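Enquirer: sharing a model that was predicted from the sequence below.
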Amino acid sequence: MKKDKVLLNSIVFTCLIDGYCKVGDFEAAFELCKEMKLAKLAVNVVTYTALIDGLCKKGMLERAECLFFRMLKDKVKPNSVVYTSIVDAHFKKSNVTDALKYLGKMYVQGLEFDMAAYGVIIAGLCNTGMFDKASIYMENMVKSGLRPDKLMLTTIMDAHFKAGNVKAALNVYGEILARGFDPDVIVLTSLMDGLCKHGCLNEAESYFCRGKANKISYTVLINGLAKKGDFTELNRVFREMLEAGFTADKYVYTSWIAGLCEQGNLIEAFRVKNRMVQEGFQPDLLTYSSLIFGLANKGLMIEAKQIFEDMLKRQITPDAAVYEIMIRGYLRQDNEAAVTGLLEEMEKRGFSKATCKIHQLSFSSPTDAKGTLDLVKFLFPKHALWINLTWVRIDSKAVSRLQVSDGRIAECNLSSGWKRLYTRMSFCSVLGEKQWALDMPSLVILSAVPRNALGLVDFESLIIFLEKNNCLDRNI
């Protein structure tokens, strides 16, 4: 454009910046911002909005907030879109306090809440379990003359299902009908999916029969039956789907295979996989990961390795979850050579060691927990904390006490019920009675990085460091 002597004004720059943000090329977008300043053109609210909204949509919240504060420094007043984008990003990261803080700023600035803003706020509050606050915003929205649309009500229904409030979710579905909205494919699919996930398959089938059956509805119902392990009913619904003129796709087959692998029925899982291939559908990453999980769970690591290699031959790149399954399988067999090989392969593919998702390894017994901690020490042999694992029984809960050989940290308690739960650390401060929750990624960080390199000379400075990096949650 410069060569063609096209005049680049603020509007042209902003359009280009917005375009780069939408495709995720933020380096190019920020380079254009520099050019704007060199051309003595002011970065206005529209430009800032494009940048902040784009960054928030890509999950780059910290960078977006830096721009927000620079915006204030440049005396450019943020609009409702800027606030809504940041609020949405905070809710998606479960930063409820920060999200509400920005909402307060919107009120102070006297900005009007449009349908998009209310949608973000209500969905965010519902998804974090704050249904009472969501109801207040819903009332305010109605008072302002706006009415909840079908999408918003469907989002609320989904949130109730995720929170386990099946009755409340069905009440919202009733409200959808009462407001005269047609329960389309999206609504019915969300309804059936929620019911299936909570084991309410009879209710799901009831709503399924009332609604307009379609391929998506059948897929959701089959997925729910597979998760429940009711393969007799699944076969019946599968036949019914074919008789209704709908063809099965790889999503139907993959759900079926995943359910069979979860139940340990590998023979039937491979039979369904072969049928899928005969129908012209090639296994994808999810199909392979399900089969590998089933085999590894049975200790059949030779067969799991064969499936893993077949996946590579078909140029399907394994993700961190697949590597995690393989690593856990080999660790159960004390095959450190195989684990080392997989870790080296991960690094060649651009993964960091930490992306093995150690923090998401769940356990249901002391043996599994010990394997998790052994993996932490194995991954970071140079700087790993020396950890001794003991198990005690307290109030029908399994409590793993980790004695850390560091004079500045007395001890940390890792609590879990006998059910499979994600690990969660609690560091007990020697400075007082306060406790902080620390997740497993933080343990990995502390294991991988020498604390003296971070200037953490005592427990208090460690806590301050973790707070600054949003690793701590005082609500425990």
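Expert: Nice, thanks for sending it over.
Enquirer: for Ala29, which non-adjacent residue is closest in space?
Expert: Spatially, and ignoring its direct neighbours in sequence, Ala29 is nearest to Tyr20 (4.0 Å; CB to CB, 6 or more residues apart in numbering). All C-beta spots, glycine's among them, are computed from the backbone N, C-alpha and C.
Enquirer: try Asn79
Expert: Asn79 sits nearest to Val45 (CB to CB, 6+ apart), 5.8 Å away.
Enquirer: tell me how many other residues crowd that neighbour.
Expert: Other residues lying near Val45 total 17 when counted by other CB atoms under 10 Å.
Enquirer: with the one 4 residues further on instead?
Expert: Using other CB under 10 Å, Thr49 has 21 neighbouring residues.
Enquirer: wait, it sits on Asn79?
Expert: Yes: judged on CB atoms under 8 Å, Thr49 makes contact with Asn79 at a distance of 6.3 Å.
Enquirer: re earlier: my guess is the residue nearest to Ala29 meets Thr14, correct?
Expert: No: using CB under 8 Å, Tyr20 is not in contact with Thr14; the gap is 10.8 Å.
Enquirer: all helices of the stretch 1-150 of the chain, in order?
Expert: 10-22, 26-38, 45-57, 61-73, 80-92, 96-109, 115-127, 131-143, 150-162 (DSSP state H, counting those that start in this stretch).
Enquirer: which one of these lies nearest to Phe293?
Expert: helix 150-162 (23.6 Å; CB to CB).
Enquirer: Glu336: neighbouring residues, count only.
Expert: The number of residues packed near Glu336 is 12, by other CB under 10 Å.
Enquirer: point out where the chain drops to low pLDDT.
Expert: Residue ranges of the chain with pLDDT under 70: 1-8, 185, 205, 207-213, 350-476.
Enquirer: can you give me the domain boundaries for it?
Expert: By the assignment in automatic domain parsing, the chain contains the domains 251-356, 380-476.
Enquirer: find the nearest non-adjacent residue to Ala50, please.
Expert: Leaving aside its chain neighbours, Ala50 sits nearest to Asp18 (4.0 Å; criterion: CB to CB, 6+ apart).
Enquirer: ok, Ser218 touching Met241?
Expert: Just so we're on the same page, residue 218 is Tyr rather than Ser. Yes: counting by CB under 8 Å, Met241 is a contact partner of Tyr218 at 4.3 Å.
Enquirer: what ranges does this protein have for its strands?
Expert: Shown for the chain, the strands assigned by DSSP state E span residues 387-394, 397-404, 412-416, 424-428, 435-439, 472-473.
Enquirer: coming back round to it: more neighbours: Tyr20 and Thr14, which one.
Expert: Shown here are Tyr20 and Thr14; by other CB under 10 Å, Thr14 has more neighbours (23 against 20).
Enquirer: Ile122 versus the residue nearest to the more buried one when sequence neighbours are not counted, what's the distance?
Expert: Take Thr14 and drop its neighbours on the chain: the residue closest to it by CB to CB, 6+ apart is Thr47, 4.7 Å away. With distances taken as CB to CB, to the nearest Å, Thr47 is found 29 Å from Ile122.
Enquirer: residues contacting the spatially closest residue to Lys37 that is not a sequence neighbour?
Expert: In this structure, Lys37 finds its nearest non-sequential neighbour in Val43, 7.1 Å apart by CB to CB, 6+ apart. If you count contacts by CB atoms under 8 Å, 6 or more residues apart in numbering, Val43 has them with 33, 36-37, 74, 76.
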